[in-house]
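# predicted model follows, preceded by the sequence.
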Amino acid sequence: MQSKLILASTSPFRKEILSKIQLDFDAISPVCDETPLKNESPINLVTRLAETKANSCGIEDPNYLIIGSDQVCVINGKIIGKPLTREKAVQQLEEASGQKITFYTGLSVFNTTTKQAETICEEFNVYFKKLSRQQIENYVDKEEPFYCAGSFKCEGLGIALFEKLEGKDPNTLIGLPLISLIDMLEKQGLNVL
């Protein structure tokens, strides 16, 4: 019997990414306190939260694979969140201008039959162009990236902000590393192709 797939996320971006691999799945809101622990590194934070989300759905039935994911953006050693406002988005992009910023994305696949989870962290680096205040404001006003960590949408106009991108899978930057996820699902007997 083929495993059923659950995405432990309400993120429309993660749903859209997962739909690329053309497998049926349901999305469930995870139960997870996302508060970082004292002195917790970005890698430890995202792997802990990804696994917690995958384990939090309360599904006891066997034959489910539950995907949990979490991401943080780090600029100059500091974790930054979603800006939520225009002012904060402009501020985040001013900090990122001319800098390398790193995204850490935790990914976990929990098997309800074996009660085991495989959890990894993917790193993705974004190198920003040196941007003027006017360029930043023009970008923010056009794309309104208020619910995106780092204050940009790389799948849209945000690509114009970068010198280069560095990482295994561009989907990682949006919040779900598909290349690694496909490998993890195949280890669980769910072959995408």
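In hand now; what should we look at?
# all contacts plus neighbour counts: C-alpha atoms, from now on.
Fine.
# list the contacts for the most centrally placed residue in the chain?
Centroid-nearest residue in the chain, with Cα atoms, centre = their mean: residue 175, separated by 2.1 Å. If you count contacts by Cα atoms under 8 Å, 6 or more residues apart in numbering, residue 175 has them with 13, 14, 69, 70, 71, 105.
# how near is it to residue 9?
11 Å (Cα to Cα, to the nearest Å).
# common neighbours of the two, please.
With Cα under 8 Å, 6+ apart as the test, residue 175 and residue 9 both reach residue 69.
# mind giving me the packing neighbours of the lengthiest helix in the chain?
In the chain, ranked by residue count with DSSP state H as the criterion, the top helix is helix 42-55. Helices and strands touching helix 42-55, by 3 or more Cα pairs under 8 Å, 6 or more residues apart in numbering; DSSP states H and E, are strand 4-8, strand 64-75, strand 100-111, strand 116-128.
# now those in a markdown table, with distance to residue 187?
Supplementary listing: the helices and strands packed on helix 42-55 in a markdown table, determined by distance: least, Cα to Cα, whole Å:
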| stretch | distance to residue 187 |
| --- | --- |
| strand 4-8 | 14 |
| strand 64-75 | 11 |
| strand 100-111 | 10 |
| strand 116-128 | 10 |
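# of all these, which one is nearest residue 26?
Among those, strand 4-8 comes nearest to residue 26, with 4.9 Å by Cα to Cα.
# quick one: the helix or strand following the closest one to strand 4-8, angle?
Counting by DSSP states H and E, the next helix or strand C-terminal to strand 4-8 is helix 12-19. With axes from the mean of the first three to the mean of the last three Cα atoms, to 10 degrees applied, the angle from helix 12-19 to strand 4-8 works out at 160 degrees.
# and helix 12-19, what does it pack onto?
Against helix 12-19 (3+ Cα pairs under 8 Å, 6+ apart) you get helix 170-174.
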